[in-house]
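> Make a model of this:
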Amino acid sequence: MDPVEKLFRDLPSPAADRVAMIQNGEWDQAHFTRVIGRFSPSGSRDPDRKFLAKLLEPQDPATLRSQLGKLAIDKPQIPDDGSAKSQQLKYHAWIFQGRKDEEYPFKDEKLRDAQPVNQSKGGHAFLPAKLTDPKVCANCANPDTDAACGGCLLELDSHAIIKTVYCNKTCQTQHWAEHKSQCLGRRKLSRAVSLIHDLFIMFQKRAWTDKQITGIVEKQGITNIIHGEPNDWALQGKPFVRRFPSSMAPSEEHALAVLLDSECQQLLTTCQGLVKLLLLPICRTLEEVEIMPRNAYRPTCDMRHNQAHNAMFNKHTVLCVTLMSGEKMVVDMAGVQYGWRETVAPWGAWTSHRVVGKLCYLPFGSSQQAMQMLNAFSPQFVNISESQRSSLAQKMQVAIQNKMKESNASSAVELYRLGEAAFASCKLAMLSSAAAAVDSGLRELYESKVGLCYIDERGLWQATTTKQQAEALKKVWLSDEDVKTLKDKGCGLAHALVQTYLEQE
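Purely as a prediction, here's the structure:
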């Protein structure tokens with residue numbers, strides 16, 4: 001047997017992969033890594049042997065699977081020859097493009113998670129109407145009714161997200177005693193999520209970090225994130241914390257998808273204060289839940305270091321909110337990386353359509369604890385940039401609390417009791433004040449010259465820690481004009497930096 005065919009035969013089958021998801025809430029990374037580690041392309045005549053040999057290079061398991069998915073979707077056609085390779089490539093291509101129930105490649109096998117639903121015009125960007133747009137009166141169970149309770153109705157682009165319907169005013173009045181706590185809880189939650197979302201997006205756009213993006217391109221229903229040469233950024237002394245390049249994206253939805261790619265835990269770590277201040281007070285319980293995504297509309301794929309990092313192979317963290325009424329809702333601020341539009345939805349409807357396998361429930365604060373443990377092993381530049389972002393988030397929170405007090409709403413509960421006009425005015429003032437606080441903090445940060453990227457004598461990325469250090473490095477850093485001139489001439493930036501350094505000597 002050809003070594004490549006043996007590799008694909010030994011990988012967990014699609015059926016075994018699904019069983020692992022159902023039992024453990026994630027795929028069998030150990031099995032997958034073990035099979036890849038044993039692979040040797042020697043003696044293979046398969047045309048993909050050189051690409052597969054690259055999988056032996058050190059990389060995390062999710063990247064290994066992403067690479068297989070990229071190999072699969074780049075093929076003009078996957079042969080339907082019954083081979084293990086054909087089966088695995090079809091399966092990984094399906095996951096890579098969103099794990100959509102209706103596109104499952106093996107029609108003779110039934111997906112346990114799948115439920116037959118008619119997709120809305122927006123596809124998987126929205127939950128199916130069957131799950132979120134009821135037609136049965138909540139009072140008398142009369143079918144074919146569509147008069148919604150205006151107090152808790154939540155719609156997005158004409159798609160119902162949260163909705164309770166009645167035959168008429170009489171039914172609504174009769175049901176009010178039962179519906180009241182649910183209605184008021186939903187209204188508070190909608191306001192909380194809207195406010196937190198806008199603040200979080202504002203913060204992320206202003207205090208973005210980690211990615212050196214040169215392009216955002218949609219291809220085959222995937223938002224691809226294109227990167228430049230990894231060290232170009234360091235050779236210019238760019239700041240680690242900076243504004244997000246929204247203008248590169250073909251649309252605002254694409255921009256938000258890239259902005260929040262792999263950032264689902266940022267709200268629960270750097271910006272956890274927003275959740276504690278604006279969401280926690282209106283909840284009976286609040287839990288973090290890790291899921292494996294399913295039915296993505298347009299997933300992201302980060303093409304850093306010439307490797308595919310597709311969001312479909314990673315766990316996604318959301319919040320499970322239990323309201324005072326006992327109703328459960330999902331809060332998903334980073335679902336846009338899968339092309340999902342709703343940021344809040346009924347828990348049962350959302351999990352039945354967006355999740356594959358077992359849910360992993362964690363106490364609120366788990367992401368923060370995990371991040372603190374991880375920081376102990378993180379590179380110096382990561383710790384400095386995260387410290388700067390945390391400082392900016394704290395300034396934002398102080399500005400928000402001050403505005404709440406000015407509006408005679410010192411707590412979230414009082415804030416959400418305000419009338420529509422008063423709440424809208426207060427929200428606008430909070431956003432404006434928070435943005436001004438972050439901008440002021442960024443000016444101080446840039447003036448300090450701390451957190452600028454450079455490469456040390458070992459070839460490792462570092463962040464400047466003093467203004468004096470930055471001023472010394474400024475003598476060898478390349479300017480934007482230098483970079484443009486060198487690239488026009490076809491010269492490498494690293495070589496130019498060495499030449500500049502020698503001239504300084």
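> just the helices in the stretch 301-450 of the chain please.
For the stretch 301-450 of the chain, helices defined by DSSP state H, counting those that start in this stretch occupy the ranges 347-354, 366-375, 380-406, 412-415, 420-448.
> Relative to Y166, which of these is closest?
Comparison of these against Y166 by C-beta to C-beta identifies helix 347-354 as nearest, at 19.6 Å. For glycine as for every other residue, the C-beta is placed from the backbone atoms N, C-alpha and C.
> From the chain's centroid, how far away is the closest one?
In terms of C-alpha atoms, centre = their mean, to the nearest Å, the centre of helix 347-354 is set 18 Å apart from its chain centre.
> now swap in stretch 317-330 and tell me
20 Å.
> end-to-end on it?
End-to-end distance for stretch 317-330, by C-alpha to C-alpha, to the nearest Å: 11 Å.
> buried stuff in it?
Going by neighbour count (16 or more other C-beta atoms under 10 Å), the buried part of stretch 317-330 is 317-323, 325, 327-330.
> Looking at these, which two lie furthest apart in space?
Farthest pair in the buried residues of stretch 317-330, by C-beta to C-beta: T317 and S325, 24.5 Å.
> so how many other residues sit close to the residue nearest to H159 when sequence neighbours are not counted?
Distances taken as C-beta to C-beta, 6 or more residues apart in numbering place F126 nearest to H159, at 4.5 Å, with adjacent residues excluded. Number of residues near F126 (other C-beta atoms under 10 Å) recorded here: 25.
> dump the residue contacts of F126.
Under the criterion of C-beta atoms under 8 Å, 6 or more residues apart in numbering, the neighbours of F126 are 120, 156-157, 159, 161, 341-342.
> how much space between it and R341?
Distance, F126 to R341, by C-beta to C-beta, to the nearest Å: 6 Å.
> got any residues that touch both of the two?
In contact with both F126 and R341: 156-157, 159, using C-beta under 8 Å, 6+ apart.
> So which of these is surrounded by the most neighbours?
With neighbours defined as other C-beta under 10 Å, the most crowded of these is H159; it has 19 neighbours.
> what are the phi and psi values for that one?
Torsion angles at H159 (phi, psi; degrees, to the nearest 10) stand at phi -100, psi 130.
> what kind of secondary structure is A62 in?
Under DSSP: H, G, I helix; E, B strand; the rest coil, A62 falls in the helix class.
> residues contacting I213?
I213 touches 225-228, 245, 248, 258, counting by C-beta under 8 Å, 6+ apart.
> quick one, phi psi at it?
With angles defined as degrees, to the nearest 10, I213 sits at phi -90, psi 140.
> Could you do the one 5 residues further on as well?
Here the main-chain torsion angles of E218 (degrees, to the nearest 10) amount to phi -90, psi 130.
> That one contacts H254, doesn't it?
Yes - because the distance of 6.5 Å satisfies C-beta atoms under 8 Å, E218 is recorded as touching H254.
> in this protein, which strand has the most residues?
What stands out as the longest strand in the chain, according to DSSP state E, is strand 283-293.
> Could you name the helices and strands sitting against it?
Packed against strand 283-293 by the contact rule (3 or more C-beta pairs under 8 Å, 6 or more residues apart in numbering; DSSP states H and E) you find strand 316-323, helix 347-354, strand 355-363.
> can I get the ones you listed in TSV with mean pLDDT and distance to S181?
Formatted as TSV, the helices and strands packed on strand 283-293 follow (pLDDT from 0 to 100; distance: least, C-beta to C-beta, whole Å):
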stretch	mean pLDDT	distance to S181
strand 316-323	98	8
helix 347-354	97	17
strand 355-363	96	24
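> what comes up buried for stretch 405-422?
Neighbour-count burial for stretch 405-422 flags 407, 409, 412, 415-416, 418 (criterion: 16+ other C-beta under 10 Å).
> And that stretch, end to end?
13 Å.
> neighbouring contacts of it?
When contacts are defined by C-beta under 8 Å, 6+ apart, stretch 405-422 is touched by residues 187-188, 191-192, 277-282, 404, 423, 425-426, 429.
> Specify the beta-bridge partners of H316.
Counting by DSSP bridges, H316 is bridged to I291.
> wait, what's in contact with it?
For H316, the contacting residues are 264, 290-293, 334-335, 338, by C-beta under 8 Å, 6+ apart.
> quick one: which of those is nearest to V382?
Distance to V382 across these (C-beta to C-beta) is lowest for C264, with 17.8 Å.
> how about the nearest residue to that closest one, chain neighbours excluded?
A334 (3.9 Å).
> so how far is E5 from R45?
Counting by C-beta to C-beta, the separation of R45 from E5 is 10 Å.
> on that earlier part again, just give me the closest of the buried residues of stretch 405-422 to K54.
Taking C-beta to C-beta as the measure, K54 lies nearest A412 of the buried residues of stretch 405-422, at 50.3 Å.
> any idea how far the closest one lies from L154?
18 Å.
> For the helix ranked longest in the chain, buried residues please.
The longest helix of the chain (DSSP state H) is helix 169-206. Using 16+ other C-beta under 10 Å as the test for burial, helix 169-206 gives 171-172, 175, 179, 182-193, 195-197, 199-206.
> what's the angle between it and helix 420-448?
10 degrees (axes from the mean of the first three to the mean of the last three C-alpha atoms, to 10 degrees).
> Helix 169-206 packs against which elements?
Using 3+ C-beta pairs under 8 Å, 6+ apart, the elements in contact with helix 169-206 are helix 252-259, helix 272-278, strand 316-323, strand 328-331, strand 344-346, helix 380-406, helix 412-415, helix 420-448.
> got a pLDDT number for A114?
Turning to A114, the model gives it a pLDDT of 58.
> Chain neighbours aside, what residue packs nearest to D261?
Of all residues not flanking D261 in the chain, T300 sits nearest, at 4.4 Å (C-beta to C-beta, 6+ apart).
> where are the low-confidence patches of the stretch 1-150 of the chain?
Flagging of the stretch 1-150 of the chain using pLDDT under 70 yields the residue ranges 109-122.
> Now do the helices in it.
Shown for the stretch 1-150 of the chain, the helices assigned by DSSP H, counting those that start in this stretch span residues 3-10, 14-24, 29-38, 49-53, 61-73, 84-96, 129-132.
> ok so, going back, indicate which one of the helices and strands packed on strand 283-293 is closest to W477.
Of all these, it is strand 316-323 that lies closest to W477, at 37.2 Å by C-beta to C-beta.
> now the closest one against helix 169-206, angle please.
Counting by the same axes, to 10 degrees, strand 316-323 points 140 degrees away from the direction of helix 169-206.
> Could you confirm G215 falls within a helix?
No - using three-state DSSP, the assignment for G215 is strand, not a helix.
> Skip the chain neighbours and tell me the closest residue to it.
Sequence neighbours aside, I226 is the residue nearest to G215 in space, at 3.7 Å (criterion: C-beta to C-beta, 6+ apart).
> got it, and E155?
I161 (6.4 Å).
> Same list (the helices of the stretch 1-150 of the chain) but as CSV, adding mean neighbour count and distance to K238.
Converted to CSV, the helices of the stretch 1-150 of the chain look like this (neighbours: other C-beta atoms under 10 Å; distance: least, C-beta to C-beta, whole Å):
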stretch, mean neighbour count, distance to K238
helix 3-10, 18, 40
helix 14-24, 16, 40
helix 29-38, 15, 34
helix 49-53, 16, 32
helix 61-73, 22, 25
helix 84-96, 22, 31
helix 129-132, 18, 43
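> would you list those in CSV and tack on distance to L374?
Listed next are those as CSV, based on distance: least, C-beta to C-beta, whole Å:
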stretch, distance to L374
helix 3-10, 32
helix 14-24, 22
helix 29-38, 18
helix 49-53, 31
helix 61-73, 16
helix 84-96, 26
helix 129-132, 36
